[in-house]
Structures are given as structure tokens and as C-alpha cells.
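Undergrad: fold the following for me, if possible:
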Amino acid sequence: MEIDVATLARMRQNGEPHTVLDVREPWERAICALQDSLHIPMRELPGRIDELPREETVVVLCHHGFRSQQVTNWLRQNGYGNAMNLSAGIDAWARQIDPSMASY
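TA: Numbering: from 1, shown residues only. Below you'll find the model as predicted:
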């Protein structure tokens, strides 16, 4: 139900089918974001859940992994058994995978 940033980096590098769902607020995403991620702020997700693919892994991210864990649990309760939380969030991505990425 949770993956780390190294696993996500491998998935992206290997072209494994997945969608990165960024549930942060627009101001946070303006600071830094993963390329090709789907942005649906947490509060908007109930009304936009149909935008998520059901046939591939959905990796949910936020700043540190707390909001995304809540969203992952909610998605799984709503039929998205493929939802995975990105532990430690985009902050870990910036520190461990892409040090050139801005952080906050």
C-alpha cells in the first residue's frame, strides 16, 4: 500500500504503467512537481475521482506523505485497490532522487 521514492523512480525509468496523483494545493505544486503527474487537490478528489485510471497503479503524493496516505486509504475504500502512497512525499523525491528540484 506504500512505495518509496526509489521504487517510483524505477517505475518511471522502466516505463511501467502508472499514474502519479499529486494531491497538494496549487501553491505547493507551483514550487515543485513531478513531470506528467495528475494534479487533483485533496479537497477536489471526491468530485473528480473518475479522472483516475482503474487499470494501472495510482501513486499518490503530497509533501511528506501524510495527506497522500489518507487519500490512498480513501481510494482503496472506493474501489481503487491499485492506489499506493508515496512514503515521505515529494520532499523525499527532491532530497533523494532529484536534488535540483526546489523544496519547501
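Undergrad: can you point out the buried residues in the longest helix along the chain?
TA: Ranked by number of residues, the top helix in the chain under DSSP state H is helix 66-77. Going by neighbour count (16 or more other CB atoms under 10 Å), the buried part of helix 66-77 is 67-69, 71-72, 74-76. C-beta: built from backbone N, CA, C; applies to glycine.
Undergrad: not counting the next helix-or-strand element following that helix itself, show me its contacts.
TA: Counting by DSSP states H and E, the next helix or strand C-terminal to helix 66-77 is strand 83-86. Under the contact criterion CB atoms under 8 Å, 6 or more residues apart in numbering, strand 83-86 has outside partners 1-5, 8, 20, 57-61, 65, 68-69, 71-72, 75-76, 92-93.
Undergrad: any weak-confidence spans in this structure?
TA: Along the chain, the model assigns pLDDT under 70 to no residue.
Undergrad: where along it do the strands fall?
TA: Per DSSP state E, the chain carries strands over the ranges 2-3, 18-22, 38-39, 57-61, 83-86.
Undergrad: can you name every helix or strand that the fourth one contacts?
TA: Strand 57-61 sits against helix 5-14, strand 18-22, helix 66-77, strand 83-86, with contacts defined as 3 or more CB pairs under 8 Å, 6 or more residues apart in numbering; DSSP states H and E.
Undergrad: just list what the longest one packs against, helices and strands only.
TA: The helices and strands touching helix 66-77, judged by 3+ CB pairs under 8 Å, 6+ apart, are strand 57-61, strand 83-86.
Undergrad: got these as a markdown table, with distance to E25 and mean neighbour count columns?
TA: Output for the helices and strands packed on helix 66-77, formatted as a markdown table (distance: least, CB to CB, whole Å; neighbours: other CB atoms under 10 Å):
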| stretch | distance to E25 | mean neighbour count |
| --- | --- | --- |
| strand 57-61 | 13 | 25 |
| strand 83-86 | 17 | 24 |
